[in-house]
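K.L.:
Take a look and give me a structure for this.
(2 chains)
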Amino acid sequence: MTTHRLLRYLCTLPAAQIQDVLQHEGCGRAVFRLLPSEAKHLVLRTAFLDVPIPRDVVMAWMDGTDEERMEDALELLVGLQFFEETWMEPGRKKTGIVASNVVPGLRRVLCATGPPRSTLGLSLEWHQDIHTMDRWSKNRWESFLLYLLGAMKQPWKDEDGAEREAFKKMETLTEQAELVKVSRKEGTLTVTEKGFQFLLQQQSEQLWLLLQCCLMELAGKDEQVVTMLSLLLESSCLPPGAGGVLEQKKNEERKLLRVLSIMGLVMMETREDTLYFFTPMTALLCSGQSVQQQGAGVQGHRVVVETNFRLYAYTSSRLLVTILTMFCREVYRLPALFVGELNREAAKIAFRQGIKASQVVSFLRRYESSGNIESVLPENVVQQLFAWEDELNRVRLQDAVLYQDFTSDGALYESVLRQANESQHFLWKDGEHMQVVVALPAHRQISEFIKQSSSRGK
Amino acid sequence: MVVAKKGVLLTCDPTVKVFVMQMNEKKSPDKKFVLADLDETHLFVHKSAAEEVRHQVEQFLDKNTYQKPDNVEDY
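P.N.:
Sure thing, here's the model as predicted:
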């Protein structure tokens, strides 16, 4: 079961912080939307029960569902403080679950109609066409990713010091997340292996990875983490265009809003005061949907791959074209059309940079148009991508140590094998000739063990 | 007395192993890099030869893989 990144992060927080965050109606609703379907089922069944329920009864509710998925769902809900584990009868072994203190707030969320009451104190609404704002936020996110890729030099204006500071902050966050390496001397960014994989992920995953880095930087300052999380979760439930005055927010909230502005989640406007407005992209934060589920032909772009490995991208997005050139050869580039070719050379360059064939395939599948058989990714292309990836693995080299000449000491050989397995550095063995190969990091431990065993034997 | 040799474990398919062994045969006795022939899919080689082996195997695969011509006029 794939758990959303935000939920995994929430489970790492102390129980008191999670309960503070989930007290707010908007936060509870946002977290509920992100739960996997098995967890949602459990919550809906038990939200209005105050008595403990035996574990085996809970497992029986989803008869037919994979038991491992049910266990994962239960573990997730206990981690999120929705439920607590309890004994059904004192002194007996039968366990069950009971609703925790978070649940009364959850009941309000499940019974509420209309948008949740917001604690953000927003008093303004965006005054222009919401589509203009939507286009701005998408361009903003693209500019940021193009800046990371080195395809755009300086997205901020020289006179805007606050914007420059926010961009530099984002650069630091991406460096901490090991997505880029920053060369302070040359002032350039180099995308790492993790960074290339990040670029092929879905947008909501990308946003949360960066936000998680932002939150982890504040780890230790409990109030700030709760404030930031509440702001992020509540904003995802707001109607697009809701806004307020920046100067009325606390210092850490202002910094967070500047960072959100770089990612296109918040739009800033300066009149007498600096105003901020949440863009439609904030709905992505907690939608729980994949981008493909949000609409066929992601955000108006379409990519068609033919059986002859030709690739046609009907898009004017610089970001999409830049990402496609990471793993295919460019043939033509027109204002609204990119023609490329998936070939061995380009694919191998991509695989050497850390991109996996499965990521390329799932990235291209995201741009398939539903119901149009011409745009389904051909099976021969998929298989060839995996074959090209396997070529890089035809030879695998690993630093190691070969132990041999155990002569007739079978007991020592078996002990060394056991040691190697326990340290998880075992690579290869030959029982007949009593030879074993172990990864280099385990050499010191194994050689000490052999010396001690030999001296004991004497 | 147990002997420990440091090197690099090379894991490959039998075809590539034959190619690597041929590479080793062509070297002069003081430059041979295969320390132990373990089994059909594993060799134990000298660390200094690891990159050369990887590079030679890649060239061998490139030579023996059909590459479609990149000439745009073909389209």
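K.L.:
mean confidence for stretch A:345-361?
P.N.:
The average pLDDT for stretch A:345-361 rounds to 90.
K.L.:
quick one: buried residues of it?
P.N.:
If you call a residue buried by 16 or more other CB atoms under 10 Å in any protein chain shown, then stretch A:345-361 has these buried ones: A:346, A:347, A:348, A:350, A:351, A:355, A:356, A:357, A:359, A:360, A:361. No exception for glycine: its C-beta is placed from N, CA and C like everyone else's.
K.L.:
for it, the distance to its chain's centre please.
P.N.:
From the chain centre to the centre of stretch A:345-361 is a distance of 19 Å (CA atoms, centre = their mean, to the nearest Å).
K.L.:
Check stretch A:267-287 too.
P.N.:
With CA atoms, centre = their mean, you get 23 Å for stretch A:267-287.
K.L.:
residues in chain B within reach of chain A, list them.
P.N.:
Residues of chain B lying close to chain A by CB under 8 Å from any CB of the partner chain are B:1-13, B:16, B:35-36, B:38-39, B:42, B:44, B:47, B:50, B:53-54, B:57, B:61, B:65, B:67-68, B:70, B:72, B:75.
K.L.:
Just the buried ones from these?
P.N.:
B:2, B:7-12, B:16, B:35-36, B:38, B:42, B:44, B:50, B:53, B:57, B:61.
K.L.:
give the contact list for residue B:61.
P.N.:
Counting by CB atoms under 8 Å, 6 or more residues apart in numbering or on different chains, residue B:61 touches A:391, A:394.
K.L.:
Closest one to chain B out of the buried residues of stretch A:345-361, please.
P.N.:
Chain B has its nearest neighbour among the buried residues of stretch A:345-361 in residue A:348, at 9.1 Å by CB to the nearest CB.
K.L.:
Which helix or strand contains the closest one?
P.N.:
Taking DSSP states H and E as the definition, one finds residue A:348 inside helix A:344-352.
K.L.:
which is the next helix or strand following that helix?
P.N.:
helix A:357-365.
K.L.:
Now do that following helix: which elements does it pack against?
P.N.:
Counting by 3 or more CB pairs under 8 Å, 6 or more residues apart in numbering or on different chains; DSSP states H and E, the packing neighbours recorded for helix A:357-365 are helix A:344-352, helix A:379-392.
K.L.:
I'd like those helices laid out as JSON lines, including distance to residue A:13.
P.N.:
Converted to JSON lines, those look like this (distance: least, CB to CB, whole Å):
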{"stretch": "helix A:344-352", "distance to residue A:13": "37"}
{"stretch": "helix A:379-392", "distance to residue A:13": "38"}
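K.L.:
Dump the ones you listed to a markdown table, plus distance to chain B.
P.N.:
Listed next are these as a markdown table, based on distance: least, CB to the nearest CB, whole Å:
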| stretch | distance to chain B |
| --- | --- |
| helix A:344-352 | 7 |
| helix A:379-392 | 6 |
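K.L.:
where's residue A:36 relative to residue A:237, distance?
P.N.:
19 Å (CB to CB, to the nearest Å).
K.L.:
Repeat that for residue B:55.
P.N.:
56 Å.
K.L.:
same thing with residue A:71?
P.N.:
Look at residue A:71 and residue A:237: by CB to CB, they are 30 Å apart.
K.L.:
Residue A:444: how many residues sit nearby?
P.N.:
10 (other CB atoms under 10 Å in any protein chain shown).
K.L.:
So which of the buried ones among the residues of chain B next to chain A sit within helices?
P.N.:
When those are checked against helices (DSSP state H), the matches are B:16, B:50, B:53, B:57, B:61.
K.L.:
Was I right to think the first one contacts residue B:56?
P.N.:
No - counting by CB atoms under 8 Å, residue B:16 sits too far from residue B:56 to count as a contact (10.2 Å).
K.L.:
secondary structure class for residue A:81?
P.N.:
Recorded secondary structure, residue A:81: coil (DSSP: H, G, I helix; E, B strand; the rest coil).
K.L.:
Can you report phi and psi for it?
P.N.:
In terms of degrees, to the nearest 10, the main-chain angles of residue A:81 are phi 70, psi 20.
K.L.:
Leaving out sequence neighbours, find the closest residue to it.
P.N.:
Closest residue to residue A:81 apart from its sequence neighbours, by CB to CB, 6 or more residues apart in numbering or on different chains: residue A:18 at 4.7 Å.
K.L.:
Doesn't the one you found belong to a helix?
P.N.:
Yes - counting by three-state DSSP, residue A:18 falls inside a helix.
K.L.:
So residue A:78 is in contact with residue A:84, correct?
P.N.:
Yes - with contact defined as CB under 8 Å, residue A:78 reaches residue A:84; the gap is 6.9 Å.
K.L.:
what about chain B, any weak spots by pLDDT?
P.N.:
B:68-75 (pLDDT under 70).
K.L.:
same thing but 80
P.N.:
B:1, B:66-75 (pLDDT under 80).
K.L.:
so where do the strands sit in it?
P.N.:
Along chain B, counting by DSSP state E, strands occupy B:3-11, B:34-39, B:42-45.
K.L.:
leaving aside the residues next to it on the chain, what's closest to residue A:355?
P.N.:
Residue A:355 sits nearest to residue A:196 (CB to CB, 6+ apart), 4.9 Å away.
K.L.:
Kindly report the same for residue A:139.
P.N.:
With CB to CB, 6+ apart, the residue lying closest to residue A:139 is residue A:264, at 7.6 Å.
K.L.:
Contact partners for that neighbour?
P.N.:
Taking CB under 8 Å, 6+ apart, one finds A:136, A:137, A:138, A:139, A:140, A:141, A:144, A:279, A:281 in contact with residue A:264.
K.L.:
Make sure it is indeed in a helix.
P.N.:
No - assessed with three-state DSSP, residue A:264 is coil; it does not lie in a helix.
K.L.:
tell me the phi and psi of it?
P.N.:
When read as degrees, to the nearest 10, the backbone of residue A:264 gives phi 90, psi 10.
K.L.:
how close does it sit to chain B?
P.N.:
To chain B, residue A:264 is 37 Å away according to CB to the nearest CB, to the nearest Å.
K.L.:
Equivalent analysis for residue A:403, please.
P.N.:
For residue A:403, the distance to chain B - CB to the nearest CB - is 5 Å.
K.L.:
give the contact list for that residue.
P.N.:
Residue A:403 is in contact with A:416, A:435, A:436, A:437, A:438, A:446, A:450, B:2, B:3, B:4, counting by CB under 8 Å, 6+ apart.
K.L.:
Sticking with the closest residue to residue A:48 other than its chain neighbours, tell me its helix or strand.
P.N.:
Leaving aside its chain neighbours, residue A:48 sits nearest to residue A:107 (6.4 Å; criterion: CB to CB, 6+ apart). Assigned by DSSP H and E, residue A:107 belongs to helix A:103-111.
K.L.:
one step back: hmm, which two among the ones in helices among the buried ones among the residues of chain B next to chain A are most spread apart?
P.N.:
Pairwise distances across these peak at 16.8 Å for B:50 and B:61 (criterion: CB to CB).
K.L.:
Put the buried members of the contacts of residue A:403 into a ChimeraX selection.
P.N.:
Only the buried entries of these go into this ChimeraX selection, using 16+ other CB under 10 Å:
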select /A:416,435,436,437,438,446,450 /B:2
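K.L.:
So which of the contacts of residue A:403 are in helices?
P.N.:
A:416, A:446, A:450.
K.L.:
got these as TSV, with distance to chain B and pLDDT columns?
P.N.:
Compiled in TSV, those are given as follows (distance: CB to the nearest CB, whole Å; pLDDT from 0 to 100):
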residue	distance to chain B	pLDDT
A:416	8	88
A:446	8	89
A:450	5	86
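K.L.:
starting at the chain centroid, how far to stretch A:78-86?
P.N.:
Centre to centre, stretch against its chain (CA atoms, centre = their mean), the figure for stretch A:78-86 is 24 Å.
K.L.:
nearest residue to residue B:57 other than its sequence neighbours?
P.N.:
Nearest non-adjacent residue to residue B:57 (CB to CB, 6+ apart): residue A:395, at 5.0 Å.
K.L.:
Quick check: residues of chain A near chain B?
P.N.:
A:329, A:331, A:343-344, A:391, A:394-407, A:409, A:412, A:427-428, A:430, A:435, A:437, A:440, A:443, A:447, A:450, A:454.
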